[in-house]
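S.K.: My questions concern the predicted model and sequence given below.
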Amino acid sequence: MRVKVLLSVLLALAVAAGPLAAVAPAQDKSIFIPLLVYRTGPYAPSGIPIANGASDYFNLVNERDGGVNGVKIAYEECETQYDTKQGVECYERLKSRSPVLVNPYSTGITYQLIPKAPGDKVVIHSMGYGMTASADGRWFPWVFNFPMTYWSQASAFVKYVGQQEGGVEKLKGKKIAHIYHNSPYGREANPTLEELARKYGFELTLLAVDHPGQEQGATWLQVRRINPNWIFISGWGVMNQVAVKEAASKGFPMDHVIGNWWTGTEADVVPAADGAKGYKSMTFHAPGANFKVHQDILKHVYDKGKGAARREAVGEVLYNRMAINTMLNVEAIRTAMTKYGNKPLTGEQVRWGFENLNLTEKRLEELGMKGMMRPLRVTCENHEGNGLALVQQWDGKKWTIVSDWIEPIREVVRPKLEAAAVEEAKKLSYTMRDCAKEK
Amino acid sequence: MIYRTAGQFKTTYASDQAIFPIVQDRVVVTLALVAAFVVPPALASEYWLQAVLIPLLVYALAAIGLNLLTGYAGQLSLGTGGFMAVGAYSAFKLSTAFPHLDIVAVFLLAGLVAAGVGLLFGIPSLRIKGFYLAVATLAAQFFLIWLFNKVAWFVNYAPSGTITAPDREVLGVLVTGPNATSGARYVMALAFVAIFGLVAKNLVRGRLGRAWMAIRDRDIAAEIIGIRPLRTKLLAFGISSFYCGVAGAELVFLYLGSAETLAFDVNQSFLVLFMVIIGGLGSILGSFLGAAFIVLVPIFLTNAPHWLGLNMSVALQKHIELMIFGGLIIFFLIVEPHGLARLWQITKEKLRLWPFPH
């Protein structure tokens, strides 16, 4: 019986004390950024390189430069397992440390955080994911998704396929299948693809794969029946590996299978071994560890034993992407400092920095990222920036860029985006701000 | 000593049949309820309300719903997530189609829609029992989620397939939507749980609850003494689904703010079932205890390393959390197979004698 009493006491203690423990020590002289990561669960293959890229780049800034203009970046990881509820719990917990910005790294969690952002004064940077409509900065001042949105990506994909076929007019009558993760993330590209299918006359088939994405047998049977000319995959986590494996085992020509930019990192293609050779994916930056920033990371972070990943994993596609994401965060903070001074900033000040971010070729060179990505400019109206897409291909050992920079079909995407922004903002009862009055 | 019942005589039928026949219980429960309404909105931080208390209340309501069906009427169901989804999506459709409809009415109507769907999927329960019924309700779960994924009408043709809670007021205070304070949402959730908890408690003490328990304990005997199995079982499905439906609507409108079908996947069904099993089958209090266990223990385990000053990687922390949590579930079930509610009951019996057990 004593055991039971002890247990009851323990349980009561756990129940009462659990959330109390959430109080974290406050740090004054630094800028705090929460990292919602997923190093476990079915999305870990994608989550791990991302988490590593973020902490390595923040460490680099702290170690090499002593912070941003002398102000250190403090960060804390919180495990979400790519689960919306856990993500919200993480965000609420870390909010006590007054963060200035958050990278949710999950479209589902981004949708949760968007309504909270204006009240909490926390900038949301959903780089290349999240709600496409939030690229209209007039309606969504707190959300940024530069350098590109899902819709721009989908249009760039169609444009690339058009180029491969010998002109967009050749798309008429072609069959394209979109295999997507059945979540807000996966569905996001569908309206654009549908619109472009009407415009160019290709036949679009939408095939959903349910969370977590291991079961794709039925989907690929359908693919075989339709026998599409091109396949576009919007997957994440284990879904990617399974999709690439299935495509390879069904004998589909791999250079006609194109993943979106979340469906093309090393972890996605390595399990399919030689079968994955020729597989392509969209991207907006270069892969590989051949840039000066990587040498810096190895020298200043890994040689001091502070690296988060294995040394060989530095330079993986998603690692690079998160390093770029983090760099953009840091540069936005730096931009804000030009106006507000070199001190710990508030969320509102950092928001100004995001909105006035102008990343030039020269600055990229200084950062050791020349050639890794394109210069970028954000404005009050356009939170998507002016990003262009690339296509990369897996040769069995590494990813190489196989296309020129592809301009999205902006004349189709932007009007749709603005209309969607009105719709989405209406749901949140926002009002449109006048960008002419913003300074 | 403090929990002595000596001298409390029940002189009327009413006092003998009261929900809390012991004075101390009445006092404590009343105080706790008042405190629950007053203290957290005034004192608790955003984190407490948003990440701890609101989900606790939402899941407690769902657990009560499932407990009526599984604990009292003995019909095993794995369709809870699906029924919650029905509540959530119908609340979304109702509140967007009729913006002037009171949000309380929306919740109740959403519960009724879920009850209708529950009745429909309860029909097989007349012929199939036990694990076979579990499989049939599992089918309901998968079918409903598939339906909400497939038919864009349910999400008002939103391309992302997400439903978002609109701003709605009760008595001039915003209670749903992104601009509602967490305090207001908490009070709303608490009011629902308090009222429906009371209703459930009275249901199971009354004629219907006794009929459910008779069916659960031996359906043939129950039929012989004049209980109609079809009606009783269907009512259990309907009422249980009503509770789950309201809980599902709350999950979106009061807790998450926006959601997709993934929030109602089969894991939710299991989660609520575990709450019922760990809390105690056939106990309203058990539903609350089970919900508290499942919602709060993981949060405690996530925060514990911080608290102890341990610096370990989040991945390791998560794995340890899952292991300890799983271990705890097994441990509690071994020590007390009848759930936490039984543990509480034993404690109460001991307390009545304390400090002179002999």
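M.R.: On my side now, so go ahead. Residues are numbered from 1 along each chain as shown, chains lettered A, B, ... in the order given.
S.K.: longest helix of chain A?
M.R.: helix A:317-340 (DSSP state H).
S.K.: if you look at that one, does any of it touch chain B?
M.R.: No - Helix A:317-340 is not in contact with chain B by C-beta under 8 Å from any C-beta of the partner chain; minimum separation 15.3 Å. (Glycine included, C-beta is placed from N, CA and C.)
S.K.: Which elements pack onto the host helix or strand of residue B:215?
M.R.: Assigned by DSSP states H and E, residue B:215 belongs to helix B:207-217. For helix B:207-217, the contact count by 3 or more C-beta pairs under 8 Å, 6 or more residues apart in numbering or on different chains; DSSP states H and E identifies helix B:182-205, helix B:219-224, helix B:229-250 as packing neighbours.
S.K.: so for the shortest one, what's the average pLDDT?
M.R.: When you say that, I think you mean helix B:219-224. Average pLDDT, helix B:219-224: 93.
S.K.: Pull the distance from the helix holding residue B:215 to the chain's centre.
M.R.: A distance of 20 Å separates the centroid of the chain from that of helix B:207-217, by C-alpha atoms, centre = their mean, to the nearest Å.
S.K.: quick one: that helix to helix B:229-250, angle?
M.R.: Angle, helix B:207-217 to helix B:229-250, by axes from the mean of the first three to the mean of the last three C-alpha atoms, to 10 degrees: 110 degrees.
S.K.: how about the CA coordinates for helix B:207-217, as PDB?
M.R.: In PDB, the C-alpha atoms belonging to helix B:207-217 read as follows (Å, rounded to 0.1, in the frame of the first residue of the first chain):
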ATOM      1  CA  ARG B 207     -32.100   4.900 -15.300                       C
ATOM      2  CA  LEU B 208     -30.000   5.200 -18.500                       C
ATOM      3  CA  GLY B 209     -26.700   4.700 -16.800                       C
ATOM      4  CA  ARG B 210     -28.000   1.700 -14.900                       C
ATOM      5  CA  ALA B 211     -29.300   0.300 -18.200                       C
ATOM      6  CA  TRP B 212     -25.800   0.900 -19.800                       C
ATOM      7  CA  MET B 213     -24.100  -0.900 -16.900                       C
ATOM      8  CA  ALA B 214     -26.500  -3.800 -17.100                       C
ATOM      9  CA  ILE B 215     -25.800  -4.200 -20.800                       C
ATOM     10  CA  ARG B 216     -22.100  -3.900 -20.100                       C
ATOM     11  CA  ASP B 217     -22.100  -6.600 -17.400                       C
END
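S.K.: and of the helices and strands packed on helix B:207-217, who's closest to residue B:269?
M.R.: Taking C-beta to C-beta, helix B:229-250 is the member of these nearest to residue B:269, at 9.6 Å.
S.K.: which parts of that closest one are buried?
M.R.: B:229, B:232-250 (16 or more other C-beta atoms under 10 Å in any protein chain shown).
S.K.: do stretch B:200-220 as well
M.R.: Of all the residues in stretch B:200-220, those buried under the rule 16+ other C-beta under 10 Å are B:200-201, B:203-204, B:208-209, B:211-216, B:219.
S.K.: Many thanks, have a good one.
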